[in-house]
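>>> sequence and computational prediction follow.
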Number of protein chains: 2
Amino acid sequence: MLQWLLRIYECIGNKKKNNFYPYLSIMNQPLKLALKQFQHLWKHDSFPPKTLLLKEGDICRKMYHIKKGCIRTWFNHDGKDISFQFFFEGDAVASVESFNKQVPSPYAIETIEQTDVHWLLAEDLQQMRQHPLVNTFLMDRAIDRQAAFIRHFFSFLKDTPKQRYENLLANRPQVIQRVPLQYIASHLGITQVSLSRIRAQIK
Amino acid sequence: MLQWLLRIYECIGNKKKNNFYPYLSIMNQPLKLALKQFQHLWKHDSFPPKTLLLKEGDICRKMYHIKKGCIRTWFNHDGKDISFQFFFEGDAVASVESFNKQVPSPYAIETIEQTDVHWLLAEDLQQMRQHPLVNTFLMDRAIDRQAAFIRHFFSFLKDTPKQRYENLLANRPQVIQRVPLQYIASHLGITQVSLSRIRAQIK
DNA sequence: CATTTTTTTTAACAATCGTTAAATTTTACT
DNA sequence: AGTAAAATTTAACGATTGTTAAAAAAAATG
């Protein structure tokens, strides 16, 4: 029942399982009880595809947790939109810095499919942080997020675009199945045309 | 006198100043006092150039704060070492996930120049975290780091290697002046040969 | 100061990517 | 189902990058 709460803050960034970096945090009973205390703060909502949940430059006031559906984050560059991350069922989504410090977001948050979410206001998360166990838990999740992000970033330093696509295929097949190719291309740092060629090579 | 403490956790990642994301956290008197309480936990040390402070795969037990000198982080890929970040005077350096969770580090930490550092044990940082003000402060810095990292990552999605080099030249001239080119090339995601060509174009 | 050693540059060629444009396929909508 | 719109693929060409190897420059060493 607390399953979705357990996943919060765990899944921003890539969810690639890696034996070298096992997920070590253990949810103990006191923490579960503490989190349960704040369960009432979460609201829910439902959005059609291509709904902007947060506009680039706006301040992020809500953190979303996906019940069902698919979300991407993107930013504008010379008139083209560049997607940089994708989220699915069980993932928590927010423009982290904007949400935590109430500053303009460098990127937008937008649904891809019809999406049902839980959401939590920034001020309510601040309230949750008053609880030491919850605060430590959130801090740990932030570290996990950063580590996941670093691993994703590494592939840009060491792999070719083709290898990055193959990694995506192997580790996050959901992305290839549910996300339009034009979004995936910019996520991999290449053009749609180039991604098409890579796909033709692999078949 | 507390200048270097103030900078801790602020400087991992790029330090690019950006009016769009001003650095908002304000150091208040109670926090300064709290940090001063833990000042005695820091030791100091000095290392020659090319000294490994942390080996890839080892557990990071110390966080370093640079008094004087220059440090890089790197990892091995097919026999070649790939640098991904550079640190200078005032910066704090640690393999964040490894340091906080005591798991193997995905990358190494190594001096470039002769380097004088302060350092702090992981368990002592845990002790500092018991203090709520310090804990909130460290949490804020972690968010800042992630935001800086995301902005750096964005340049891989939207810019060409040449633009990334020009950005480095404009925003972090120290890197070009003090870091060997072979390290900078891998940091930009290109080969040394390609970086040489880019430099020849610009002159 | 001369000589190794290392680092950086240059050259040549193959492979890959970006760009533009057209063709094809898929999806959305009435 | 038929039409319009959007997404994806393919083609052609120029630009950029990676690779290998050699040359030049810079740094380290005795």
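Nice, thanks for sending it over.
>>> near chain B at all, stretch A:161-175?
No. Stretch A:161-175 stays clear of chain B (C-beta under 8 Å from any C-beta of the partner chain), getting no nearer than 10.8 Å. Glycine gets a C-beta too; all of them are placed from N, C-alpha and C.
>>> list the buried ones in that stretch?
Residues of stretch A:161-175 classed as buried: A:161-162, A:164-165, A:167-168, A:172, A:175 (neighbour count, 16 or more other C-beta atoms under 10 Å in any protein chain shown).
>>> try stretch A:68-78
A:69-75.
>>> ok, that stretch near DNA strand C or not?
No. Using C-beta under 7 Å from any atom of the strand, stretch A:68-78 stays clear of DNA strand C, coming no nearer than 8.8 Å.
>>> adding secondary structure and distance to DNA strand C, write the buried residues of stretch A:161-175 out as JSON lines.
Shown next, in JSON lines, are these (DSSP: H, G, I helix; E, B strand; the rest coil; distance: C-beta to the nearest atom of the strand, whole Å):
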{"residue": "A:P161", "secondary structure": "helix", "distance to DNA strand C": "4"}
{"residue": "A:K162", "secondary structure": "helix", "distance to DNA strand C": "5"}
{"residue": "A:R164", "secondary structure": "helix", "distance to DNA strand C": "9"}
{"residue": "A:Y165", "secondary structure": "helix", "distance to DNA strand C": "9"}
{"residue": "A:N167", "secondary structure": "helix", "distance to DNA strand C": "13"}
{"residue": "A:L168", "secondary structure": "helix", "distance to DNA strand C": "14"}
{"residue": "A:R172", "secondary structure": "coil", "distance to DNA strand C": "19"}
{"residue": "A:V175", "secondary structure": "helix", "distance to DNA strand C": "15"}
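>>> now for A:S83: which residues touch it?
A:72-74, A:179, A:183-184, A:186-187 (C-beta atoms under 8 Å, 6 or more residues apart in numbering or on different chains).
>>> what do you get if the cut-off is 6 Å, keeping everything else the same?
Taking C-beta atoms under 6 Å, 6 or more residues apart in numbering or on different chains, we find A:S83 in contact with A:72, A:74, A:183, A:186-187.
>>> which of the buried residues of stretch A:68-78 sits closest to chain B?
Using C-beta to the nearest C-beta, A:F75 comes nearest to chain B of those, at 7.0 Å.
>>> what are the phi and psi angles of the residue nearest to the closest one when sequence neighbours are not counted?
In this structure, A:F75 finds its nearest non-sequential neighbour in A:Y107, 4.2 Å apart by C-beta to C-beta, 6 or more residues apart in numbering or on different chains. Main-chain torsions, A:Y107, degrees, to the nearest 10: phi -150, psi 160.
>>> A:Y107: how many residues sit nearby?
Neighbour count of A:Y107, defined by other C-beta atoms under 10 Å in any protein chain shown: 24.
>>> might one say that it is in contact with A:R72?
No. Taking C-beta atoms under 6 Å as the definition, A:Y107 is not a contact partner of A:R72, at 9.7 Å.
>>> for the residue of chain A at minimum distance from DNA strand C, which non-adjacent residue is spatially closest?
Among all residues of chain A, A:S194 sits closest to DNA strand C, at 3.1 Å; criterion: C-beta to the nearest atom of the strand. Leaving aside its chain neighbours, A:S194 sits nearest to A:P161 (6.6 Å; criterion: C-beta to C-beta, 6+ apart).
>>> and stretch A:152-168, how far out from the chain middle?
Offset of stretch A:152-168 from its chain centre (C-alpha atoms, centre = their mean, to the nearest Å): 18 Å.
>>> how long is that stretch end to end?
10 Å (C-alpha to C-alpha, to the nearest Å).
>>> pLDDT of that stretch, averaged?
For stretch A:152-168, mean pLDDT is 94.
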